[in-house]
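Participant: sequence and predicted structure below; questions after.
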Amino acid sequence: AKAYMAALRAGAQVEAVNANVAMAEAVLRQSETQKLAGSGTGIEVTRAKVELLDQKQRVLVAENERTKAYLDLLRAMGLPLGTSIVLTDQMKHASMEGITLEQAEKDAATFRADLKAQAKREQSARLSASAVKFERLPSIAGFADYGTIGSGFDYAHPTYTYGYSIRVPIFDGFRRDARREESNSLYRQEAIRTHDLKQQVELEVRVAIDTLRSADQQIAVAQEALTLAEDELAQARRRYDAGVANGLEVTDAQTRLAHARDNQISALFRFNIARMDYGRATGTIRRLLD
C-alpha cells in the first residue's frame, strides 16, 4: 500500500512540475511582451528563461522518480518489471471523524492478530500450569466391556466386565514439582510478553493518532499557503503588466508557488501514510484500504 501511495505521489509531482512549466512559459511570454512594449528589460526575459529551464529540468527529475516508483510498485506486486501500468487514483484527504484514542484502542484489541495469538499462547501456558498442579490429586477411572462367547450364534452367551480404578500419586522423585515450576515459569513469561505487547500496541496507536492529526493540520496549512501563493503570483503579474513592479517580483512569486505545490503534495502523502500506519496499529488496514 505504501508503494502504491509513493507511486501516486510521484505522479502528482510530475503533474505539479508540468503546471510549473506552463506557468513559467506564460511568464516568459509576458516578459517578452513587456520588453517589446518598452516597459520591460532584457534581464527580465533572461530571468524568465532561466526559470523555465529550471522547471523543465525538474520535470525530467520528476519523471525519473515516477519511473522508479512504478518499478518499486511492480516489484511489490510481483509483476514483471516491464509491465505498463496506469494509476487512476489520486491522493486524497479523508475525514478524521470518528478517530479517537478510545476507539483506536478498542479496534486494536479486537483486530490485532498478534494480540490474539499472544492471548492464546498465554491461555495455553496457564492451562498447562494448572494441569501440572492438579496432577497431585487422586484420579478415578471407570471401565466396562460387553461381548459374547460360544461356538456359534445359537450357542452364544453374553459376557461383560466392569469396574473402576483409583490412582493416588505418592512419590515420583520430585519430577512433578519440577514440571510445576517449569510450567509456572513459562506461564509467567507469556504473561510478561502479553503485557509488553499491549504496551507496545498502545504506544503504536498513540503515535499513529498523533501523527495523523499532525498530518491533517499540515494539509490545512499547505492548502492555505498554496491559495496565498497563487494569489501572490496573480497580483505580481498584474503589477508587472501595469508597470509598477519588475520581473523579479514575478519570479519570486513563481518560486513560492512551486514550493507551495510541493508542500501540498508532501502533506497529502504524509497524511495517507499516517492513515496506513494508523490502520496497521489498530489492525484495520484491510478495512481502511477497502
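Facilitator: That came through, no problem.

Participant: please count neighbours and contacts with C-alpha atoms only from this point.
Facilitator: Fine.

Participant: the nearest residue to residue 247 once chain neighbours are set aside sits in which helix or strand?
Facilitator: Closest residue to residue 247 apart from its sequence neighbours, by C-alpha to C-alpha, 6 or more residues apart in numbering: residue 44 at 5.3 Å. Using DSSP states H and E, residue 44 sits in helix 42-77.

Participant: now residue 161
Facilitator: strand 157-167.

Participant: who touches that strand?
Facilitator: Contacts with strand 157-167, where a contact means C-alpha atoms under 8 Å, 6 or more residues apart in numbering, come from 138-150.

Participant: now for these, which pair is the farthest apart?
Facilitator: Across the contacts of strand 157-167, no pair lies farther apart than 138 and 150, at 39.7 Å, counting by C-alpha to C-alpha.

Participant: related to what we said a few turns ago, any chance of the contacts of strand 157-167 in a markdown table, plus secondary structure and pLDDT?
Facilitator: Output for these, formatted as a markdown table (DSSP: H, G, I helix; E, B strand; the rest coil; pLDDT from 0 to 100):
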| residue | secondary structure | pLDDT |
| --- | --- | --- |
| 138 | coil | 73 |
| 139 | strand | 72 |
| 140 | strand | 82 |
| 141 | strand | 82 |
| 142 | strand | 84 |
| 143 | strand | 78 |
| 144 | strand | 86 |
| 145 | strand | 84 |
| 146 | strand | 79 |
| 147 | strand | 76 |
| 148 | strand | 74 |
| 149 | strand | 77 |
| 150 | coil | 69 |
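
Participant: just put these in CSV and tack on distance to residue 68.
Facilitator: Below are the contacts of strand 157-167 laid out as CSV (distance: C-alpha to C-alpha, whole Å):
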residue, distance to residue 68
138, 71
139, 69
140, 71
141, 71
142, 73
143, 73
144, 75
145, 76
146, 77
147, 79
148, 82
149, 84
150, 86
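
Participant: nearest to residue 91, of those?
Facilitator: After measuring the contacts of strand 157-167 against residue 91 - C-alpha to C-alpha - the closest member comes out as residue 139, at 66.8 Å.

Participant: and the closest one, how many residues sit next to it?
Facilitator: Using other C-alpha atoms under 10 Å, the number of residues around residue 139 comes to 12.

Participant: and the nearest residue to it once chain neighbours are set aside, how far from residue 127?
Facilitator: Excluding its sequence neighbours, the residue lying closest to residue 139 (C-alpha to C-alpha, 6+ apart) is residue 167, at 5.2 Å. Using C-alpha to C-alpha, to the nearest Å, we find residue 167 at a distance of 22 Å from residue 127.
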